[in-house]
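Q: From the sequence below, what's the structure:
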Amino acid sequence: TAQLDFLNPNTREAVIQQILHVARNFHIIRFDAAMTLAKRHVQRLWYPRPGSGGDIPGRAEAGMSDAEFNELMPQEFWREVVDRVAQEVPDTLLLAEAFWMMEGYFVRTLGMHRVYNSAFMNMLKNQENGKYRDTIKNTIAFDPEILKRFVNFMNNPDEETAIAQFGNGDKYFGVCTLLVTMPGLPMFGHGQIEGFREKYGMEYRRAYWNEYPDDHLIGEHYRRIFPLVKMRYAFSTVEHFELFDVIDNGSVADSVYAYVNGTEERRALVLFNNQYEHAQGRIYSSAPKMIRQGDGCRVTRVTSLGESLGLTVGGRQYTIYESFPEGLTYIIPSMSIFDEGLWVSLQGYETHVYLNIREVEDHDGTYEALHRYLNGRGTSTFERDLATIRLQPLFQAMENFRSPAMVETLRTMTSGKQVKSKELRRFILLTGEAYARLSALYETLGQTTIDLIPPLRGEMQPKQLLLEIQRLMDCLSEEGPTPIHAAGGTIMEEL
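A: Presented below is the predicted three-dimensional model:
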């Protein structure tokens with residue numbers, strides 16, 4: 001391996017020219033182990049401070065003072081690379097592998113377009129949840145746009161496989177949910193989805209272990225992960241990203257990751273408890289986030305959960321959201337979120353994803369009635385339940401048809417048997433009464449309810465009603481037409 005002296009300006013320029021040559025032929029360039037060329041590590045590895053001994057045996061005699069080193073390498077090499085590429089080959093994406101906890105430095109200070117975020121894998125694996133949540137907090141307080149530049153992953157060729165580090169149960173799928181719903185770029189490792197356990201190197205031409213794909217693991221990806229990947233448009237940006245603390249009796253539950261993201265129209269809430277023990281608490285206020293104003297000024301803002309979800313204060317507003325992947329829909333008053341936040345309770349490694357969070361205004365009390373009916377439960381038939389409540393007045397108007405006598409008459413008619421004249425008379429009168437009620441009610445219904453039912457044909461005269469009943473009975477009769485008009489004079493008068 002060639003060892004290049006990056007204190008030599010000619011060496012640095014030669015490498016930059018090679019990078020520019022590659023950039024003119026390819027739109028994306030990946031820099032392997034880029035952190036080794038950061039100034040602090042060039043000095044630590046090759047030109048250690050006098051008396052420090054250095055980290056590479058035999059390099060102590062090449063030591064130099066900070067002043068000497070900075071004179072020979074006055075600026076960061078990668079900063080110069082980024083600036084030159086932007087000037088000479090502007091449509092190039094630069095991706096850096098930068099470990100040793102230098103991810104943020106490469107993005108914030110050196111301007112690298114994308115950087116591998118090893119902290120995501122290591123801290124979540126080791127359940128250093130407080131540290132990783134602090135990393136996110138510090139990033140969004142400095143500049144949230146930096147989150148978009150992180151490439152998050154759960155394994156790579158230099159590390160153990162994802163299944164070896166995270167298993168194949170709830171912890172794996174919880175971390176994987178964070179992978180695909182956090183801002184930035186999610187990266188799946190080789191064999192991760194199939195559940196392969198063999199650690200491979202870049203020099204491998206083929207697998208050495210005879211492994212078979214885990215069908216159950218693949219199926220769970222299709223059920224719990226891939227639908228979220230298809231929604232990356234809602235998670236990849238930071239405009240609506242807000243991170244929350246979960247507070248229980250004044251203490252922060254560091255193991256719980258709680259954040260909101262989404263589009264202008266719909267928001268999503270993601271919750272994951274990255275520990276074996278149960279965790280609970282209330283989420284209300286977000287972590288401080290830097291906001292760039294129109295005049296270029298930078299301000300730090302804290303928002304409530306209700307604001308981050310795009311909800312409205314006051315009025316008869318209700319919030320509707322769907323649990324993924326269960327497919328259940330929930331409804332709660334928006335004001336309760338503003339007043340109380342949201343109480344969450346998560347078992348070990350449990351994940352909750354709430355999608356399509358939106359708000360509706362309750363003009364006619366329908367949503368309030370549905371909220372009381374569900375009483376905090378989710379429903380898989382939300383639209384049907386809503387329609388049922390809206391159609392309650394119609395059900396009441398046609399209550400006559402639910403009487404035992406009416407049901408028995410209908411059973412006789414549909415079986416093709418002869419209906420007694422007394423029963424037929426009662427059936428005709430109840431039908432006319434129900435139609436009269438329905439016609440009067442129809443004029444008072446809201447448009448939303450009217451859209452749920454077939455349109456009325458207009459006012460129906462008694463004679464026309466008798467003809468309709470006659471046709472119905474003729475279709476079902478085994479003995480031919482039933483002349484109900486023959487004895488229908490009295491009925492006509494009553495109708």
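Q: low-scoring stretches of the chain, by residue?
A: Low-confidence segments of the chain (pLDDT under 70): 1, 53, 416-417, 456-460, 475-495.
Q: for it, what's the longest strand?
A: strand 351-361 (DSSP state E).
Q: can you give me the angle the helix or strand following it makes with strand 351-361?
A: Next along the chain after strand 351-361, taking DSSP states H and E as the criterion, comes helix 366-374. Inter-element angle recorded for helix 366-374 and strand 351-361: 140 degrees (by axes from the mean of the first three to the mean of the last three C-alpha atoms, to 10 degrees).
Q: related to what we said a few turns ago, buried ones in the longest strand of the chain?
A: By 16 or more other C-beta atoms under 10 Å, the buried positions in strand 351-361 come out as 351, 352, 353, 354, 355, 356, 357, 358, 359. C-beta here means a position set from N, CA and C on the backbone, and glycine is covered the same way.
Q: cool, stretch 402-418 as well?
A: Buried, per 16+ other C-beta under 10 Å, within stretch 402-418: 406, 409, 412, 413.
Q: Now for the first one, which secondary structure element holds it?
A: Secondary-structure element containing residue 406, defined by DSSP H and E: helix 404-414.
Q: Same check on residue 220?
A: Assessed by DSSP H and E, residue 220 sits inside helix 215-220.
Q: Show me what the helix or strand just after that helix is packed against.
A: As assigned by DSSP H and E, the chain's next helix or strand after helix 215-220 is helix 226-229. Helix 226-229 is packed against helix 170-181, with contacts defined by 3 or more C-beta pairs under 8 Å, 6 or more residues apart in numbering; DSSP states H and E.
Q: CA-only coordinates of the helix it packs on in CSV, if you can.
A: Below are the C-alpha coordinates for helix 170-181, written out as CSV (Å, rounded to 0.1, in the frame of the first residue of the first chain):
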residue,chain,number,x,y,z
ASP,A,170,-38.7,-7.2,18.0
LYS,A,171,-35.4,-5.4,18.7
TYR,A,172,-34.3,-6.0,15.1
PHE,A,173,-37.6,-4.7,13.6
GLY,A,174,-37.7,-1.8,16.0
VAL,A,175,-34.2,-0.6,14.9
CYS,A,176,-35.1,-1.3,11.3
THR,A,177,-38.2,0.8,11.7
LEU,A,178,-36.0,3.7,12.9
LEU,A,179,-33.7,3.0,9.9
VAL,A,180,-36.4,3.5,7.3
THR,A,181,-38.3,6.4,9.1
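Q: quick one: residue 261 is in a helix?
A: No. Residue 261 is assigned strand when assessed by DSSP: H, G, I helix; E, B strand; the rest coil, not a helix.
Q: Counting neighbours, what do you get for it?
A: Here the count is done by other C-beta atoms under 10 Å, and residue 261 has 22 residues near it.
Q: returning to what we had before: contacts for the helix holding residue 220, please.
A: Applying C-beta atoms under 8 Å, 6 or more residues apart in numbering, the contact partners of helix 215-220 are 163, 168, 173, 193, 194, 195.
Q: Can I get the buried residues of strand 351-361 in TSV including distance to residue 227?
A: Formatted as TSV, the buried residues of strand 351-361 follow (distance: C-beta to C-beta, whole Å):
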residue	distance to residue 227
351	14
352	15
353	10
354	14
355	9
356	12
357	16
358	18
359	23
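Q: just checking, next helix/strand downstream of the longest helix anywhere in the chain?
A: In the chain, ranked by residue count with DSSP state H as the criterion, the top helix is helix 421-442. Counting by DSSP H and E, the next helix or strand C-terminal to helix 421-442 is helix 447-450.
Q: How about that next one, which residues are buried there?
A: Across helix 447-450, burial judged by 16+ other C-beta under 10 Å covers residue 449.
Q: same thing with stretch 274-286?
A: 274, 275, 279, 281, 282, 283, 284, 285, 286.
Q: Looking at these, spot the one nearest residue 116.
A: Lowest distance from residue 116 to the buried residues of stretch 274-286 (C-beta to C-beta) belongs to residue 274, with 20.6 Å.
Q: pretty sure residue 272 is in a strand, no?
A: Yes. The assignment for residue 272 by three-state DSSP puts it in a strand.
Q: who's in contact with it?
A: Contacts for residue 272 (C-beta under 8 Å, 6+ apart) come out as 174, 175, 177, 178, 256, 257, 346, 349, 350, 351, 352.
Q: let's go with 7 Å and repeat that
A: Neighbour list for residue 272: 174, 177, 178, 257, 351 [criterion: C-beta atoms under 7 Å, 6 or more residues apart in numbering].
Q: how near is the third one to residue 322?
A: Counting by C-beta to C-beta, to the nearest Å, the gap between residue 178 and residue 322 amounts to 19 Å.
Q: ok, so what distance separates residue 210 from residue 351?
A: For residue 210, the distance to residue 351 equals 33 Å [C-beta to C-beta].
Q: Alright, that wraps it up for me.
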